[in-house]
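[1] structure, please.
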Amino acid sequence: MPRKPNLIVFLPDQQRADTIACYGGGKVHAPNLNKLASESVVFERAYVTHPVCTPSRSSLMTGTWPHTNGCTRNSVPLDQRFRVFPELLEDKDYQAAYMGKWHLGEEGPAGRGFRQWISTEPRGDYANFLISRGLTPDKQNGGFSELAISNLPIELSRPKFLEKHACEFIEKFHRNPFILVVGFAEPHSPYSGPLNDEHPLDEVELDLTATVPASENIPLRYRLMREWQQSEAVLDRERLPTQLFFGITPEEYRSIKQRYLGLVTLVDQSIGAILGCLERCSLSNDTIVVHTSDHGDSLGAHHLFGKEVMFEEAVRVPYLVRLPDQRRSKIIPQPVSHIDFVPTLVDLLGQSKHPQCAGKSLLQLIRGEATLPKSVFIEWAPNRTKIKKGTSLAPRRAIKRAIEESTRTVVSSDGWKFCLRDKDLNELYNLKDDPFETRNLYSDRQSASVISRSADEIHGWQESAHDRLKI
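    Sure thing, here's the model as predicted:
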C-alpha cells in the first residue's frame, strides 16, 4: 500500500505577500521560504476572506465565510457546530496536531479534529515554558505581555518553542500519516524581536503610498484609523522610543518595517528547521507543505498600519503549496480566495469535499489543468475602530455611521477591485494600471459600466453565499 501523504501548514500571523522573493521581496532575509517557493505552486494573487485574525482563521479552519460561522470580529469563539478541517476527513488514520496561535476561542482546537494542541496563548504551554526557564510573568493573570515576549532572546522566542515541538511531533509520528498546523504569532505587532537589526535600515524599502501625501479620497473609517494611529505614534515616541507601534515620518515607517522584517526572518529560520526535520526523517517526498497567512499588514502604506482595510497590503497574502516530489516552481497568476483553502487541503489528502465547505478545491489549478478564471470576494463586518479623542474629521453622527460600516469587495480576474459599502465611501481601483491603489475611480463617469458589473457580481455572490447584508 502506498503511504498516505502527510500535511504541514505554516500559518504566520500578519505576513504580507511581498516578504518572499517570488512576490517581490528579494531583499528580505527569508532563505527557507524562498527555497520552499522555488519548489512550490505559487498563487500570485491570493486573498483572505476578511482582513482580521479571527474571521480569517475561521475560514482557514472551516471552509466557511465569517458571516456564516459568526466569527465576524476578533476574539469570537468558533461555534462547535462548525467542524475544523481534520474533522471533515473521512480517513481517521491521521494524527493531527495544532501548535501555536489559535484565536478562535479559549478552549482551543484540541478535540476538534486535533488530538494535540501546543498553546502559545497568554497562559498556555509557552508561558509555562518561560516560567520553567526562570522568567516571571509581567501580567496580573499570570501571563506574559506581548512586549515582554518581544524582548526575549532567540532561544526563548515563540518560533523556537514551536520549532522544537513540531520537530518532536514529526519524529514521534514519522511512521504514521499526520497533519501538523504551525500557527506562528509573528510577524504581528509589536514589531520587535531578537532580529531587529537583521536588515540594514538603508535597504528597507517603503511602499510608494507611504512616501506621497496621504489621500483623502478613501473611506472615512480609514481616515479615522490613520488619525488615531498618528496620534498614538506621538505618544509612542515618549513611552517606547525604540519600539514604535505606529509612525508618522518615513524614517519611523522604515524603522518599524525593519523590525517587522526581522520577525519574518525569525519565522523563516524555524520553518527551515522544521523542513530540515522532515528531510532527516526522509519524509520530504511524502509530505504536502502549505504556507499562507491570515492577512497582511499595511506597514505605512496609505499612511496606515495593521489590517482592517481592503488595500492589497492587508488582504493579499502569500500562498505556497509544495506537493510530494515537487522541486520546481509554478506560478498561478489568477486571483484565488482563502474560501477554497479547506476544500483544497481535503482534496490534496484524497478526500471528498464536505458539504460544510463554501468554496471549491484548487487542485485542478495546482495540477496545471485549465479552469475558468473567477472573481474573488472579501468581506468586512463592523469591528472595534479606535478614534482620536476630539477628532474633527467629521460630525459625530457621520463618524458613528462610518465605524459601523460593512464592506463587500470583489476582485475580478481582469484586475478590477470594487469595494461596496453600506455606510461609507465606495472604492474602485484598476489594479493593472494602478497596483498601489492611488486613484479611487468610483466617481469617474467612465467607470459606470465596471461599477454596475461589479455590483451585480457582489449581489450575485451574496445570494449564493446566503449573505443578508443589504448593500
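
[2] now do the helices in the protein.
    For the chain, helices defined by DSSP state H occupy the ranges 31-38, 53-62, 66-69, 125-132, 146-150, 158-172, 208-211, 220-239, 250-280, 312-315, 341-348, 363-366, 396-403, 448-464.

[3] next, count neighbours for the nearest residue in space to Leu299 that is not next to it in sequence.
    Distance criterion C-beta to C-beta, 6 or more residues apart in numbering; nearest residue to Leu299, sequence neighbours excluded, is Lys257 at 5.1 Å. To be clear about C-beta, it is placed using only N, CA and C from the backbone, and glycine gets the same treatment. Using other C-beta atoms under 10 Å, Lys257 has 25 other residues around it.

[4] tell me the contacts of Lys257?
    Counting by C-beta atoms under 8 Å, 6 or more residues apart in numbering, Lys257 touches Val204, Leu206, Leu299, Gly300.

[5] what is the nearest of those residues to Pro333?
    Nearest to Pro333 among the contacts of Lys257, counting by C-beta to C-beta, is Leu299 at 24.2 Å.

[6] I'd say the closest one and Tyr260 touch.
    Yes. Taking C-beta atoms under 8 Å as the definition, Leu299 is a contact partner of Tyr260 at 6.2 Å.

[7] so, low pLDDT: which residues of the stretch 201-350 of the chain?
    Scanning the stretch 201-350 of the chain for pLDDT under 70 picks out 241-242.

[8] how does it look with 80?
    236-244 (pLDDT under 80).

[9] distance of Pro355 from Gly24?
    Remark: distance between Pro355 and Gly24 (C-beta to C-beta, to the nearest Å) = 38 Å.

[10] same deal with Cys419?
    The gap separating Cys419 from Gly24 is 23 Å, by C-beta to C-beta.

[11] same question for Lys470.
    Lys470 is 39 Å from Gly24, by C-beta to C-beta.

[12] what about the two, which has more around it?
    Ranked by neighbour count (other C-beta under 10 Å), Lys470 and Gly24 place Gly24 first, with 12 against 7.

[13] just to check, that one is in contact with Arg16?
    No. Counting by C-beta under 8 Å, Gly24 does not reach Arg16; the two are 10.0 Å apart.

[14] how many neighbours does Gly276 have?
    Neighbours around Gly276, by other C-beta under 10 Å: 14.

[15] same question, Ala394
    Counted with other C-beta under 10 Å, residues neighbouring Ala394 total 14.

[16] mind starting the numbering at 14 from now?
    Okay, residue one is now 14; in that scheme the one you just asked about reads as Ala407.

[17] out of the helices of the chain, flag the one nearest Phe318.
    helix 233-252 (5.6 Å).

[18] residues making contact with that closest one?
    Counting by C-beta under 8 Å, 6+ apart, 227, 229, 256-261, 265, 315-318, 321-322, 398-401, 404, 406-407, 411-412, 415-416, 418, 437-438 sit against helix 233-252.

[19] what residues sit buried inside that helix?
    233-246, 249 (16 or more other C-beta atoms under 10 Å).

[20] span of stretch 153-169 from start to end?
    21 Å (C-alpha to C-alpha, to the nearest Å).

[21] shouldn't Glu199 be in contact with Asp26?
    Yes. Counting by C-beta under 8 Å, Glu199 sits close enough to Asp26 to count as a contact (6.8 Å).

[22] so who does Val54 touch?
    Val54 neighbours (C-beta under 8 Å, 6+ apart): Leu333, Val334, Arg335, Leu336, Gln339, Ser342, Lys343, Ile345, Leu378, Ile379.

[23] one more time with 7 Å, if that's ok
    By C-beta atoms under 7 Å, 6 or more residues apart in numbering, the contact list for Val54 reads Val334, Lys343, Ile345, Ile379.

[24] thinking again about what came up before, and which of the contacts of Lys270 is nearest to Ser72?
    Of all the contacts of Lys270, Leu312 has the smallest distance to Ser72: 23.3 Å, by C-beta to C-beta.
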